[in-house]
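> Pasting a predicted model and its sequence here:
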Amino acid sequence: MTLTVLLTSLGIGLARIVDVSMATRRTIDLARARRGRPAVLGFFDVLVWIVVVSNVIQNLDHPIYMVSYAMGFSLGTYIGIGLEARFGSRQHVVRIFTRAADEVAAALRELGFVVTRFEGSGREGPITLLFLEVPRRRLRAAMACSVESDPTCFVIVDDIRSSSRAVVRSAAAARPRVFGVRK
């Protein structure tokens with residue numbers, strides 16, 4: 001194997017990692033009903049894909065190119081999902097179904113979470129639903145506290161795509177400034 005074949009294999013793998021990471025991010029943005037970033041990512045995603053796949057197809061006598069292509073795809077998926085976990089939605093809604101609402105709510109409030117409580121009834125009788133808005137960096141703490149307070153609770157986490165709080169913040173940011181102070 002020559003140095004050129006080795007470097008080309010490395011280039012194919014790296015390009016595929018970038019390509020698939022962009023595609024993963026684009027798909028997540030599309031699922032969240034965003035339009036601008038997915039369009040730009042889609043352009044570069046396809047551009048990289050065309051260059052890479054044409055290089056592989058033109059050189060089928062080098063099976064290492066196909067292996068690099070496949071490996072780049074696998075790593076790109078892994079890295080793309082990791083990037084989403086790291087830089088994705090900043091806020092989450094946590095819903096906790098519990099029969100020990102007083103204990104769970106008190107423990108969460110002790111950690112500084114704002115807890116809203118709803119009473120309901122389920123198949124097995126009365127149940128309480130607790131709602132929290134949680135920043136991503138505190139999500140594990142909220143879940144751990146909930147399960148520690150009530151090991152039988154059921155926790156659901158959803159990303160917040162938008163909220164009235166975000167609308168209020170963006171409206172305040174859009175107000176004109178006079179001498180550095182918002183009107």
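Done, it's in.
> Could you name the helices and strands sitting against whichever strand in the chain runs longest?
Longest strand in the chain by number of residues (criterion: DSSP state E): strand 125-135. Here strand 125-135 touches strand 91-98, helix 101-110, strand 115-122, helix 139-149, going by 3 or more CB pairs under 8 Å, 6 or more residues apart in numbering; DSSP states H and E. Just so you know, the C-beta spots here come from the backbone N, C-alpha and C atoms, and that holds for glycine as well.
> Need the winner for burial among the ones you listed.
strand 91-98 (a mean of 19; mean count of other CB atoms under 10 Å).
> Work out the gap between the longest strand of the chain and the centre of the chain.
Offset of strand 125-135 from its chain centre (CA atoms, centre = their mean, to the nearest Å): 22 Å.
> CA atoms only: put that strand into CSV for me.
What follows is strand 125-135, C-alpha atoms only, in CSV (Å, rounded to 0.1, in the frame of the first residue of the first chain):
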residue,chain,number,x,y,z
GLY,A,125,-55.7,5.1,41.7
PRO,A,126,-54.6,8.6,42.5
ILE,A,127,-51.3,9.8,41.1
THR,A,128,-49.5,13.1,41.0
LEU,A,129,-47.7,14.6,38.0
LEU,A,130,-44.8,17.0,38.7
PHE,A,131,-43.5,19.3,36.0
LEU,A,132,-40.1,21.0,36.0
GLU,A,133,-38.3,23.1,33.4
VAL,A,134,-34.6,22.0,33.7
PRO,A,135,-31.5,23.2,32.1
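> buried sites along it?
Residues 127-130, 132-134 are the ones in strand 125-135 that count as buried (16 or more other CB atoms under 10 Å).
> which one of the residues you listed sits closest to residue 45?
Among the buried residues of strand 125-135, residue 134 lies closest to residue 45 (CB to CB), at 31.9 Å.
> wait, what's in contact with the nearest residue to residue 5 once chain neighbours are set aside?
Excluding its sequence neighbours, the residue lying closest to residue 5 (CB to CB, 6 or more residues apart in numbering) is residue 62, at 5.6 Å. Applying CB atoms under 8 Å, 6 or more residues apart in numbering to residue 62 gives the contacts 5, 8-9.
> Appreciated, that's everything.
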